[in-house]
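> Sharing a model prediction with you, sequence too.
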Amino acid sequence: MGLDHAATKPHEELAAHLSDKMEAVNTLIRTRMASRHAPRIPEVTAHLVEAGGKRLRPMLTLAAADLCTYDGEYDVHLAATVEFIHTATLLHDDVVDESEQRRGRPTANLLWDNKSSVLVGDYLFARAFQLMVEPGNLRVLDILSNAAAVIAEGEVLQLSAAQDLNTGEDTYLQIVRGKTAALFSAATETGGVLSGAPEDQVRALFDYGDALGIAFQIVDDLLDYQGDSAATGKNVGDDFRERKLTLPVIKAVAKADAEERAFWTRTIEKGKQGEGDLDHALALLDKHDTLEATRQDALMWADKAKTAMQALPDHPVRRMLIDLADYVVARVN
């Protein structure tokens, strides 16, 4: 039975299983995003943090720690760290992308201004580093600080590669690993490291997070061209209008003849778009079957995530994480 039809979705099942810990994470987030001197900080962060969202990344940290039978309190600190890093990058991304909506609500930069978004993002990064130091585990600190650097690197790489038709699938994967998968894999890996899990299990947790994050982003990019706007909160073709070279288009460019390449050069590289261009882009993706090829890539990465879980002990959370990998790709399956 498809997970999209399941009575309880895997992330909801995980949230219920980890409810006490998740409540502790939410409490810690609210405490640490407070600022005595700058009331705008909690205003801006509350807008994002309270906006709903699945809290998937901190949940992955708690799930990995639970799976490896961790019985301390610092998994909560690391989960909050992961959420702060994620929120900080969202604040910065919305400024870079000049976005006006996130999760169906106006973005912070639209409600306040770009300066507030950037500076509050900086504050959350600083809070994240304070939190990640507290467990006193140097390896955890190394993983999370490295993830923060890789995320920034991925965003900068995307700036230079996003409108360059020479960008291939390897570069796309590098960008996705930076902007999305790095935090997923850091979330799961730190849960294992904190628990003192054997090295093969820590590696498996990293591999799971990495593959899950890549599948997650590929699905996101695919839904931009064939999703339901009401469900995704995005308009079909937003990536095309924003001239983002994502996997479906990269695959189409690789198969393009001279006339098609000229179309992609005009619309993506030069940004000269007119009426009917999105329809033509969709027709080219259909002609070369690149949406189906992209879907197959997403399914392959979800399978890799599930395979990685086989190295972990038999545990209810292991099944939930396997189900989660299926659920991430269920929207395009």
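Right, received. Where do you want to start?

> Next, work out how far apart residue 302 and residue 61 are.
Separation of residue 302 from residue 61 (CB to CB, to the nearest Å) stands at 20 Å. Where you see a C-beta, it was placed from the backbone N, CA and C, and this is true even at glycine.

> which one's the longest helix in this protein?
Among the elements of the chain assigned as helix by DSSP state H, the one spanning the most residues is helix 199-226.

> returning to that earlier point: what about residue 302 and residue 61, which has more around it?
Between residue 302 and residue 61, counting by other CB atoms under 10 Å, residue 61 is the more crowded of the two (32 against 26).

> May I have the residues that are in contact with the most centrally placed residue in the chain?
Note on the chain: the residue nearest the mean C-alpha position is residue 180, at 3.9 Å, using CA atoms, centre = their mean. Residues counted as contacts of residue 180 (CB atoms under 8 Å, 6 or more residues apart in numbering) are 213-214, 216-217.

> Could you do residue 205 as well?
64, 67-68, 188-189, 191-192, 197, 308, 312.

> Would you reformat those residues as JSON lines and include distance to residue 325, secondary structure and pLDDT?
What follows is these, written out as JSON lines (distance: CB to CB, whole Å; DSSP: H, G, I helix; E, B strand; the rest coil; pLDDT from 0 to 100):
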{"residue": "64", "distance to residue 325": "14", "secondary structure": "helix", "pLDDT": "97"}
{"residue": "67", "distance to residue 325": "14", "secondary structure": "helix", "pLDDT": "96"}
{"residue": "68", "distance to residue 325": "18", "secondary structure": "coil", "pLDDT": "95"}
{"residue": "188", "distance to residue 325": "12", "secondary structure": "helix", "pLDDT": "97"}
{"residue": "189", "distance to residue 325": "16", "secondary structure": "helix", "pLDDT": "98"}
{"residue": "191", "distance to residue 325": "16", "secondary structure": "helix", "pLDDT": "97"}
{"residue": "192", "distance to residue 325": "17", "secondary structure": "helix", "pLDDT": "97"}
{"residue": "197", "distance to residue 325": "19", "secondary structure": "coil", "pLDDT": "96"}
{"residue": "308", "distance to residue 325": "9", "secondary structure": "helix", "pLDDT": "97"}
{"residue": "312", "distance to residue 325": "13", "secondary structure": "coil", "pLDDT": "96"}
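
> which of the residues you listed are buried?
Neighbour counting over these (16 or more other CB atoms under 10 Å) leaves 64, 67-68, 188-189, 191-192, 197, 308, 312 as the buried ones.

> still on that earlier bit, got phi/psi on the residue nearest to the centre of the chain?
Comment: the main-chain dihedrals of residue 180 come out as phi -130, psi -60, following degrees, to the nearest 10.

> And for the one 3 residues further on?
Note on residue 183: its backbone torsions stand at phi -80, psi -30 [degrees, to the nearest 10].

> Going by distance to residue 296, which of the contacts of residue 180 wins?
Checking the contacts of residue 180 against residue 296 with CB to CB, the nearest one is residue 214 at 13.3 Å.

> Look at the closest residue to the closest one other than its chain neighbours and say how many residues are nearby.
Ranked by CB to CB, 6 or more residues apart in numbering and with sequence neighbours excluded, the top spatial neighbour of residue 214 is residue 301, at 4.6 Å. For residue 301, the tally of surrounding residues (other CB under 10 Å) stands at 25.

> Okay, residue 301 and residue 169: tell me how far apart.
Using CB to CB, one obtains 13 Å as the distance from residue 301 to residue 169.

> Okay, helices next: where are they in the stretch 151-300 of the chain?
Secondary structure of the stretch 151-300 of the chain by DSSP state H, counting those that start in this stretch: the helices cover 169-176, 182-194, 199-226, 229-232, 238-241, 247-254, 258-264, 277-287, 290-308.

> residue contacts, residue 64?
187-192, 195, 205.

> of all those residues, which two lie farthest apart?
Greatest spatial distance in those: 187 and 195, 13.5 Å, computed using CB to CB.

> send the alpha carbons of the one helix or strand residue 149 maps to over as PDB?
Element membership for residue 149 (DSSP states H and E) is helix 138-161. Extracted as PDB, the C-alpha positions of helix 138-161 are listed here (Å, rounded to 0.1, in the frame of the first residue of the first chain):
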ATOM      1  CA  LEU A 138      34.600  17.100  19.600                       C
ATOM      2  CA  ARG A 139      33.500  14.700  16.800                       C
ATOM      3  CA  VAL A 140      29.900  16.000  16.900                       C
ATOM      4  CA  LEU A 141      31.200  19.600  16.700                       C
ATOM      5  CA  ASP A 142      33.400  18.600  13.700                       C
ATOM      6  CA  ILE A 143      30.400  17.000  11.900                       C
ATOM      7  CA  LEU A 144      28.000  19.900  12.400                       C
ATOM      8  CA  SER A 145      30.500  22.700  11.800                       C
ATOM      9  CA  ASN A 146      31.600  21.000   8.600                       C
ATOM     10  CA  ALA A 147      27.900  20.700   7.500                       C
ATOM     11  CA  ALA A 148      27.500  24.400   8.100                       C
ATOM     12  CA  ALA A 149      30.500  25.100   5.800                       C
ATOM     13  CA  VAL A 150      29.300  22.600   3.100                       C
ATOM     14  CA  ILE A 151      25.800  24.200   3.100                       C
ATOM     15  CA  ALA A 152      27.300  27.600   2.400                       C
ATOM     16  CA  GLU A 153      29.600  26.200  -0.200                       C
ATOM     17  CA  GLY A 154      26.600  24.500  -2.000                       C
ATOM     18  CA  GLU A 155      24.700  27.800  -2.000                       C
ATOM     19  CA  VAL A 156      27.600  29.700  -3.500                       C
ATOM     20  CA  LEU A 157      28.200  26.900  -6.100                       C
ATOM     21  CA  GLN A 158      24.500  27.100  -7.100                       C
ATOM     22  CA  LEU A 159      24.900  30.900  -7.700                       C
ATOM     23  CA  SER A 160      27.500  30.300 -10.300                       C
ATOM     24  CA  ALA A 161      26.100  27.100 -11.800                       C
END
